[in-house]
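> give me a 3D structure for the following:
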Amino acid sequence: MIMLILLVGCTSNGTNLRLNGQLNHKDSCGKTAFSRFSVPEGYNRIALPEKSFGYYLRNISLKPDTAKVHLFDGRLKSGQSSVAAVLDLDVGKKDLQQCADAILRLRAEYLWKQGLFSKINFQFTNGFQANYLKWANGFRIRVNGNQCNWYKGAQPDKSYAEFRKYLEMVYMYAGTISLSNELKKISMDSIFPGDVFVQGGSPGHAIIVLDIAIDSATGKRMAMLAQSYSPAQDIHILNNLAEPNQSPWFLISGKERIVTPEWTFNKSDLKRF
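Numbers count the residues shown, from 1 in each chain. Down below sits the predicted model:
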């Protein structure tokens with residue numbers, strides 16, 4: 001009996017199984033977006049270079065399938081039905097890693113793990129360029145009203161802990177407005193893992209494209225999307241509540257608007273690092 005329960009507790013390996021007449025795209029034992037979620041029927045994942053940002057996102061670790069999204073203070077996020085999976089990244093202890101910040105976190109973590117330290121550079125809302133290497137070399141940022149400047153305030157430190165302190169500084173002074181300004185607009189036809197839907201504003205919102213699948217016959221594209229939100233919370237993959245048979249995939253091709261559980265984006269909101 002115990003063995004039987006274990007066998008039915010996880011689907012095989014991400015293949016499309018029919019449960020109660022509906023396609024099931026999830027292998028609950030999968031530890032990454034790639035291994036947990038298969039593609040809709042007729043679709044194939046887009047090919048990605050192994051060291052690319054998209055490959056990193058596709059293979060980022062997920063928490064167990066039963067995990068819930070928690071806020072920075074430990075409380076549960078309301079509306080867990082919007083959550084398909086939770087990324088295995090801490091949210092921190094402060095109300096900082098919200099929507100745009102989560103995207104900056106993913107981008108920075110990728111660059112840091114690749115050793116591409118010189119490319120870790122993010123823009124504050126006032127346009128100031130917060131360069132990680134300058135921070136790692138002991139410089140700190142003084143903020144006075146709308147003005148920022150560097151000053152020598154610490155010993156050089158390239159540890160991961162100091163990298164996270166740099167990111168906290170970025171989170172405080174960057175947001176959807178600065179993210180929108182710093183990224184370049186692209187067309188929906190060229191959507192790729194790592195791209196971002198962003199509406200700058202107060203409030204604004206931003207989500208990241210975690211993966212892309214293409215229909216080999218029609219060329220149509222579907223996207224897997226992830227977000228944080230406000231208050232700061234675990235980064236999570238979004239369920240497609242409007243089309244649950246496709247979830248967590250969202251049809252992108254031919255769409256003027258992308259309707260997600262907590263925000264609606266226009267096709268003109270798609271941008272790239």
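> and the helices in the stretch 101-250 of the chain?
132-136, 160-173, 176-182 (DSSP state H, counting those that start in this stretch).
> buried stuff in the first one?
Of all the residues in helix 132-136, those buried under the rule 16 or more other CB atoms under 10 Å are 132, 135-136. (Glycine included, C-beta is placed from N, CA and C.)
> that one packs against which elements?
helix 160-173 (3 or more CB pairs under 8 Å, 6 or more residues apart in numbering; DSSP states H and E).
> can you list contacts of the helix it packs on?
92, 94, 96-98, 101, 104-105, 108, 112, 122, 124-126, 128, 130, 132, 135-136, 141, 143, 148 (CB atoms under 8 Å, 6 or more residues apart in numbering).
> count of residues packed around the residue nearest to residue 82 when sequence neighbours are not counted?
In this structure, residue 82 finds its nearest non-sequential neighbour in residue 261, 3.5 Å apart by CB to CB, 6 or more residues apart in numbering. Neighbours of residue 261 under the rule other CB atoms under 10 Å: 17.
> contact partners for residue 261?
79, 81-82, 238-239, 241.
> can you do 7 Å?
82, 238-239, 241 (CB atoms under 7 Å, 6 or more residues apart in numbering).
> average pLDDT across the lengthiest strand in the chain?
Using DSSP state E, we find that the single longest strand of the chain is strand 205-215. Looking at strand 205-215 alone, the average pLDDT works out to 99.
> just how off-centre is that strand within its chain?
Relative to its chain's centre, strand 205-215 lies at 9 Å (CA atoms, centre = their mean, to the nearest Å).
> related to what we said a few turns ago, let me know which of the helices of the stretch 101-250 of the chain is the nearest to residue 26.
Each of the helices of the stretch 101-250 of the chain has some distance to residue 26 by CB to CB; the shortest is helix 176-182, at 30.1 Å.
> distance of the residue nearest to residue 125 when sequence neighbours are not counted from residue 114?
Spatial nearest neighbour of residue 125, excluding adjacent residues (CB to CB, 6+ apart): residue 178 at 4.6 Å. As judged by CB to CB, to the nearest Å, residue 178 and residue 114 stand 23 Å apart.
> compare these two (neighbour count), which wins?
It is residue 178, of residue 178 and residue 114, that has more neighbours when counted by other CB under 10 Å, with 22 against 13.
> my guess is the more buried one contacts residue 121, does it?
No - with contact defined as CB atoms under 7 Å, residue 178 does not count as touching residue 121 (12.0 Å).
> next one, pLDDT for the residue nearest to residue 259 when sequence neighbours are not counted please.
The spatial neighbour of residue 259 that comes closest, neighbours along the chain excluded (CB to CB, 6+ apart), is residue 242 at 5.8 Å. Here the pLDDT value assigned to residue 242 is 95.
> separation between residue 242 and residue 25?
According to CB to CB, residue 242 and residue 25 sit 15 Å apart.
> so for the two, which sits in the more crowded spot?
residue 25 (23 against 12).
> counting neighbours, what do you get for residue 144?
7.
> distance check, it against residue 37.
The value you get for residue 144 to residue 37, if CB to CB is used, is 47 Å.
> quick check, residue 258 in contact with residue 250.
Yes - between residue 258 and residue 250 there is a contact under CB under 7 Å: 6.2 Å.
> that older thread, give the other helices and strands that the longest strand of the chain contacts.
Judged by 3 or more CB pairs under 7 Å, 6 or more residues apart in numbering; DSSP states H and E, strand 205-215 is in contact with strand 43-45, helix 53-58, helix 99-113, helix 176-182, strand 196-199, strand 221-227.
> adjacent strands (with direction) for the helix or strand just after the second one?
Read it as helix 53-58. Next along the chain after helix 53-58, taking DSSP states H and E as the criterion, comes strand 83-86. Applying DSSP bridges to the sheet, strand 83-86 is found paired with strand 236-238 (antiparallel).
> roughly how far out does the partner strand sit from the chain middle?
On CA atoms, centre = their mean, the centre of strand 236-238 falls 8 Å from the chain's centre.
> swap in stretch 142-161?
Computed by CA atoms, centre = their mean, the separation of stretch 142-161 from the middle of its chain amounts to 26 Å.
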